[in-house]
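S.K.: Below are the sequence and a predicted model for it; my questions follow.
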Amino acid sequence: MRTESVPITDVRGLDLLLETARSLNDGDPFDVVLEQLARAAARAVGHSEAEPGPASVWRLRDSCLVLEAETGEANGSAVAELGLTPELQHALNARRAARLTGSHVPPSLRERYRLRRSDSLAVVPVVAYARPFGLLFVPLEGQPEDFEADLKLLTGMAELGGLALGAAADFDLELRLAVAFELLPQMITGASRTEDAEEAAHLIVSRVGEVPGADRVALFMRGDLKNGLWIKASTHSVEVLRLDVEEGAVGRAARERQIVLVNDGQPWPSRQDSAIAGDCRHLLAVPVTVVDEVIGLVVIGSRQRPFSATDVQIATVLVSALSGLLEGVRLREQLYESRRAMRTFYHGLACAAVTHDARGRVVDANWAAENLTGRPLKQLMKDGIFGADWTMQSESGMNIPMPLRPPESVLKSGRPVQGMRARVAPPGGQPRWLRIDSRPLEEGRRLKWVVTTFFETPAPALNGRRRSTGSAGARVSSAS
C-alpha cells in the first residue's frame, strides 16, 4: 500500500513532473528516453521512493505492441510482444489514459506483474509527432480515489515522454544523416585507392556498418564468370554464397529490382533471409542498379530498432551514390580476372613474348623469351632486347639499324612489324634466326604497350641451300 496520495496538484506530483522533464533531456538517444520514461512512471505510483514498482513502455507496430523498455521487479521472463485487445485499441484511438481490471488486463501482463483480479493496470497512450507511438503500462496501487490522480500524473509524464521521443527521433535522424554523409566521401576515396575488388568491397561494407542502426551489412555482386549474385563482403559471417532470387524477401529485392523492407521478420520464413539476417530482427535490402540492370544488392540488418522511411531514404541515397563505385569494383574484378587469364595464356605461350611500355621499357617477358635470349627476366627488364649492343641482320646479310628494329620502330611509328626474319645475337650470345612480330596496343587512343613475339625459325635458303645458324654454320661455310 502506498503511504500517501499523489494528486496532480500535490507538490510531490509537480516535483515528479519537473524531475521527469529534467531527466528527459533534449538530445538523449531513443533508448535512453524510453528507459527514463519507464523509471519515472514506476516512481510515480510505486511502493516508495526506495522501491519503485514495475512499469513498461510498448511501441505500436502494425497490429501489435512490442516491448521497448521495462523497469522494476517482475515475474518470469519478459513478454516481447502483445496483441492489441479492444481495450488497448480504444485507449490508443481515444488518446486517453485508462484503467484496466480483471479480465480486461492481458493475461501475460497480469502474470508478469503478479496482478490479482481486483488489481488495476494503468494504460497510458504515448504520442509523438501527433501520432500514436505506443502505450505505457503501470500497475496501480492504493485506494480507488487515488487512481484518477495517478492517471493524470502518468498522462503528464507520457506527454513529456512523447515530446522527448520526437526530439530523440530528430536527433537520431540528424546523427544518422551526418554519419552517412561523412562516411560517403571516405568510402569513395578509400575504395578508389584499393588495389583489388575484394579490398574495395570490404571497405564499403565496413563503412556502411558504421552508420547508427546498421548492425549487419552484406554486399552481393554479380559475377561475370559465374551467373547470379554472389556474396562479396559482409560485416559478419554469412552462410549464403550465391543468392537465390526466387527465395525470401532478399531474393525478391533482386528479382523485382526494388527496395524491400521487413521489420520484425523473426522467425524468418525463408532460410536464406534467416542466414543473412543472423540475430537481426529487421532487414533492408537495396538493389544496386546500373542502366536498369541489377549488378549487386546491399542488405542491412538491425537488431533492435526497426527501419523507418527515413532509413530507407538514407540507404537509397548511399547506394545510389555508390552505384558507380560498385560498378567500378565489379569491372575492376572483371579486368583482374581477364588479366590473370591473359597472363596465364601469355606465360604459357611456346613462342617468346616481351612487353614494353610506351617509353620502351620491358615490363614483362615469358619463359620462352628468357630461353631464346639466354637472359633472365630481371636482365631483360634492365637491358631490354634487340638494342644497340645486339647484332641483327636481315635475310640479305645487311645490319638492321636501330630505328628499324622492333620494338623501337613500333614505338616511333605506331605501325606493327609482321613476319620479320632476322639473324639475332645478344651480346656474347649465339646467333639465331628468328621470326619476329611486334604490335602496338592502345588504350584510349594512346599507345600503352608494345608486345613483341618471336620464335626460332630455319635459316632462309641461299643459292638453293639453307643458310646455317650459329658457329657450327660458320665452320661448315669455311670448310666448303
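M.R.: Looks like it came in fine.
S.K.: the bottom helix or strand of this protein by mean pLDDT?
M.R.: Sorted by mean pLDDT, DSSP states H and E, the helices and strands of the chain end with helix 470-479, the least confident at a mean of 35.
S.K.: Show me the domain layout of this protein.
M.R.: 11-172, 194-333, 349-479 (automatic domain parsing).
S.K.: Figure out which of the ones you listed is closest to residue 179.
M.R.: domain 194-333 (5.3 Å; Cβ to Cβ). From N, CA and C alone the C-beta is placed, and that goes for glycine too.
S.K.: The host helix or strand of residue 217: partners in the sheet, and parallel or antiparallel?
M.R.: Per DSSP states H and E: residue 217 is located in strand 216-222. Next to strand 216-222 in the sheet, as set by DSSP bridges, lie strand 229-234 (antiparallel), strand 293-302 (antiparallel).
S.K.: Can I get it as CSV, trimmed to CA atoms?
M.R.: In CSV, the C-alpha atoms belonging to strand 216-222 read as follows (Å, rounded to 0.1, in the frame of the first residue of the first chain):
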residue,chain,number,x,y,z
ARG,A,216,24.9,-6.2,-40.1
VAL,A,217,25.8,-5.4,-43.7
ALA,A,218,26.3,-7.8,-46.6
LEU,A,219,27.1,-7.0,-50.2
PHE,A,220,26.2,-9.3,-53.1
MET,A,221,27.7,-8.6,-56.5
ARG,A,222,27.1,-10.1,-59.9
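S.K.: so what secondary structure elements neighbour the helix ranked longest in the chain?
M.R.: Assignment by DSSP state H gives helix 144-193 as the longest helix of the chain. The contact analysis (3 or more Cβ pairs under 8 Å, 6 or more residues apart in numbering; DSSP states H and E) places helix 144-193 against helix 11-23, helix 30-44, strand 98-101, strand 120-128, strand 131-140, helix 197-208, helix 309-348.
S.K.: cutoff 6 Å now
M.R.: If you count contacts as 3 or more Cβ pairs under 6 Å, 6 or more residues apart in numbering; DSSP states H and E, helix 144-193 packs onto helix 11-23, helix 30-44, strand 120-128, strand 131-140, helix 197-208, helix 309-348.
S.K.: right, so of these, which gets closest to residue 219?
M.R.: Residue 219 lies closest to helix 197-208 among the helices and strands packed on helix 144-193, at 5.2 Å (Cβ to Cβ).
S.K.: Quick one: work out the angle between that closest one and strand 229-234.
M.R.: Helix 197-208 and strand 229-234 meet at an angle of 60 degrees, taking axes from the mean of the first three to the mean of the last three Cα atoms, to 10 degrees as the criterion.
S.K.: if we can go back for a sec, need the domains of the chain in CSV (columns: distance to residue 187 and mean neighbour count).
M.R.: Shown next, in CSV, are those (distance: least, Cβ to Cβ, whole Å; neighbours: other Cβ atoms under 10 Å):
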stretch, distance to residue 187, mean neighbour count
domain 11-172, 22, 18
domain 194-333, 5, 18
domain 349-479, 27, 15
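S.K.: can you put these in JSON lines and add distance to residue 179?
M.R.: Converted to JSON lines, the domains of the chain look like this (distance: least, Cβ to Cβ, whole Å):
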{"stretch": "domain 11-172", "distance to residue 179": "11"}
{"stretch": "domain 194-333", "distance to residue 179": "5"}
{"stretch": "domain 349-479", "distance to residue 179": "38"}
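S.K.: Sketch out the strands for the stretch 301-450 of the chain, chain order is fine.
M.R.: 352-357, 362-365, 391-393, 417-425, 432-443, 446-456 (DSSP state E, counting those that start in this stretch).
S.K.: which helices and strands sit right next to the third one?
M.R.: Contacting strand 391-393 under the criterion 3+ Cβ pairs under 6 Å, 6+ apart are the following elements: strand 417-425.
S.K.: got it, and the last one?
M.R.: Applying 3+ Cβ pairs under 6 Å, 6+ apart, one finds that strand 446-456 makes contact with strand 352-357, strand 432-443.
S.K.: I'd like to check the angle between it and strand 352-357, please.
M.R.: In terms of direction (the same axes, to 10 degrees), strand 446-456 departs from strand 352-357 by 160 degrees.
S.K.: what angle sits between strand 446-456 and strand 417-425?
M.R.: Using the same axes, to 10 degrees: strand 446-456 against strand 417-425 is 60 degrees.
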